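A.B. asks: Quick one: sequence and predicted model below, then my questions.
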Amino acid sequence: MQKDANLSIANPHPKDADVWQKLGLAIAGVGLLVLFLSWGNVPIPAAMGLTIALVGIIGGTTLYAYRLYMRQPAGIKNNGVWFKSLINRGALGWIAGIILTGFYVLLYWYPEYIGYKPNGANEGFVALFDPLSQFFKGKPASQWFLYGTLYTVSILALGIKFLFKYRHNSYQLKRTVSVIIAQLFLAYLVPEILEGLNYNGQTIDGHGIYYDADIKNVWPLDYDFFYGYHLDAMQQEAYQPVGVLYLIIGIAMFLLVTPILTYYVGKRWYCSWVCGCGGLAETAGDPFRHLSSKKLSAWKLERWLIHGVMVFVFVMTAATVYGYFWNTGEVFGLNIYNTFQKPYGFLIGATFSGVIGVGFYPMLGNRVWCRFGCPMAGYMGIIQRFKSRFRITTNGGQCISCGNCSTYCEQGIDVRAYAQKGQNIVRASCVGCGICSAVCPRGVLKLENGPEEKRHDLPPIIIGNKSVELQD
Ligand code: SF4
Ligand code: SF4
């Protein structure tokens, strides 16, 4: 077997990129360059340009990650995590944050600046995606098609990188393959193909009529599930019985499937195995997970915000359903669209989940939305906290207080405080990512499902309990 000259017992973590890593970076760089040039309206044949861009990004990232991680022993490395500019709020981190945030602002509110034209005569960045959109649905791309494609490519490319990095941990491998498959098929390919099969140019309230086949996108995360245009689309005569079936599945998902699965395995079944927001956070956001605040004040803010958004989505949806069935645009004299739907869409659907939720990865960590805003996470968190078999057990005698677990908990949970006491971790916010367990050098932490009565082995650590006073 040929030995890597850079890798030895004395130097198990080679610092310098080898020629293959450089080649991988160059290939991914060419892919990104094509995207950038298309944005500037450089005349690149769209089909060829898009192929180079997507294949380059996925292929180049895979080559780079393979060489980066497979030249090193399996297991977590902490080298330089707090010293790199990009992942420690340095200049590169700020630049990345501004670029991401700016992209979301254009996507939501100024799509014309990335080339989207409502009449189909797209230019620049969006036009690059026209051939793929034509292939799936027989119509030009929208800014959302571009976004969905890039989102899926990010989860795929950086998910592969994640698989190399955490190859020592089978839980990480399984759940990452799961989020990649869920995003690629359930959130992207199946809905796009079905839309193509059903598209007939008709619209309801300006929205195309198609099956919302993304059945993994559950209300209340999928906040417009009960909007009039959506309910109408699913009841279209021509689309039966599938349309009504999707409606029934959607309602069953939040009323039955979500509470039952959360009872048995915790909210991880969704947040860490299925959800697209969680999928992006775990893959593209992985290098930023240590930036989540562990302060008690952040925990307090988290509880107010996430439950506030939950109340908002319940009220907004109740008003929407009332307006739909009573065929009125008002409730208690308040215009339903202007008072409820529009503010929710702007503040939560776009600003919180998109601009802040992803744009602020390099500033606030990778789960800002999941921790502070997602109403689905809030809903499952209440079940997980009070009525679930899920817990993380801690073998306190083995803990050496290194703090790896707390450092890498993306939900800001001070895992070490529990480990030091040998106490089970039962927290509403834990998404069951298992990273705390994967990075523990002593095998202290184990994600388990078991009898409810044994979950609270000690008085739980909660706000107001003296046990947390030393944590801030
Ligand atoms: S406590 Fe562990 S499993 Fe839960 S969110 Fe934090 S790192 Fe993930
Ligand atoms: S539980 Fe493991 S990772 Fe956390 S402080 Fe103890 S030894 Fe370190």
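C.D. replies: Looks like it arrived, so ask away. Ligands and ions are numbered 1, 2, ... in the order given.

A.B. asks: Does the residue nearest the centre of the chain belong to a helix, a strand or coil?
C.D. replies: Most central in the chain under C-alpha atoms, centre = their mean is Cys277, positioned 2.0 Å from the mean C-alpha point. Using DSSP: H, G, I helix; E, B strand; the rest coil, the secondary structure recorded for Cys277 is helix.

A.B. asks: doesn't Cys370 make contact with it?
C.D. replies: Yes: if you go by C-beta atoms under 8 Å, Cys277 and Cys370 touch, sitting 6.2 Å apart. No exception for glycine: its C-beta is placed from N, CA and C like everyone else's.

A.B. asks: burial of Ile52, as a residue count?
C.D. replies: 18 (other C-beta atoms under 10 Å).

A.B. asks: packing partners for the longest helix along the chain?
C.D. replies: Assignment by DSSP state H gives helix 296-325 as the longest helix of the chain. Here helix 296-325 touches helix 228-234, strand 330-331, helix 336, helix 368-372, helix 375-386, going by 3 or more C-beta pairs under 8 Å, 6 or more residues apart in numbering; DSSP states H and E.

A.B. asks: which bits of this structure sit near ligand 2?
C.D. replies: Residues of the chain found near ligand 2 (C-beta under 6 Å from any ligand atom) are 399-405, 415-416, 419, 440-442, 444-445.

A.B. asks: Now, those that are in strands?
C.D. replies: Leu445 (DSSP state E).

A.B. asks: what's the closest of the residues of the chain next to ligand 2 to Ala318?
C.D. replies: Val415 (37.4 Å; C-beta to C-beta).

A.B. asks: quick one, what contacts that closest one?
C.D. replies: Ile392, Cys405, Ser406, Cys409, Ile425, Cys436, Leu445 (C-beta atoms under 8 Å, 6 or more residues apart in numbering).

A.B. asks: For the residues you listed, work out which two are farthest apart.
C.D. replies: Those two in these that are separated most widely, counting by C-beta to C-beta, are Ile392 and Ser406, at 12.6 Å.

A.B. asks: which neighbours do the two share?
C.D. replies: Common contacts of Ile392 and Ser406, defined by C-beta under 8 Å, 6+ apart, comprise Val415, Cys436.

A.B. asks: out of these two, which sits in the busier spot?
C.D. replies: Ile392 (25 against 21).

A.B. asks: How much space separates that one from ligand 1?
C.D. replies: Distance, Ile392 to ligand 1, using C-beta to the nearest ligand atom, to the nearest Å: 6 Å.

A.B. asks: Nearest residue to that residue in space, please, no chain neighbours.
C.D. replies: Ile425 (4.0 Å; C-beta to C-beta, 6 or more residues apart in numbering).

A.B. asks: tally of neighbours for the one you found?
C.D. replies: 24.

A.B. asks: ok so, going back, would you mind checking the average pLDDT for the longest helix of the chain?
C.D. replies: For helix 296-325, mean pLDDT rounds to 96.

A.B. asks: Buried residues of the helix or strand hosting Leu156, list them for me.
C.D. replies: For Leu156, the enclosing helix or strand under DSSP states H and E is helix 143-165. Residues 143, 145-165 are the ones in helix 143-165 that count as buried (16 or more other C-beta atoms under 10 Å).

A.B. asks: What segments of the protein are strands?
C.D. replies: 203-204, 207-208, 330-331, 334-335, 390-394, 445-449.

A.B. asks: Just the angle for the last one relative to strand 390-394, thanks.
C.D. replies: Spelled out, it's strand 445-449. 150 degrees (axes from the mean of the first three to the mean of the last three C-alpha atoms, to 10 degrees).

A.B. asks: let's number from 24 now, not from 1
C.D. replies: Renumbered: residue one is now 24, and that last one reads strand 468-472.

A.B. asks: Within its sheet, name the partner strands of strand 468-472 and how each one runs.
C.D. replies: strand 413-417 (antiparallel) (DSSP bridges).

A.B. asks: Please give the centre-to-centre distance between the partner strand and its chain.
C.D. replies: Distance of strand 413-417 from the chain centroid (C-alpha atoms, centre = their mean, to the nearest Å) equals 23 Å.
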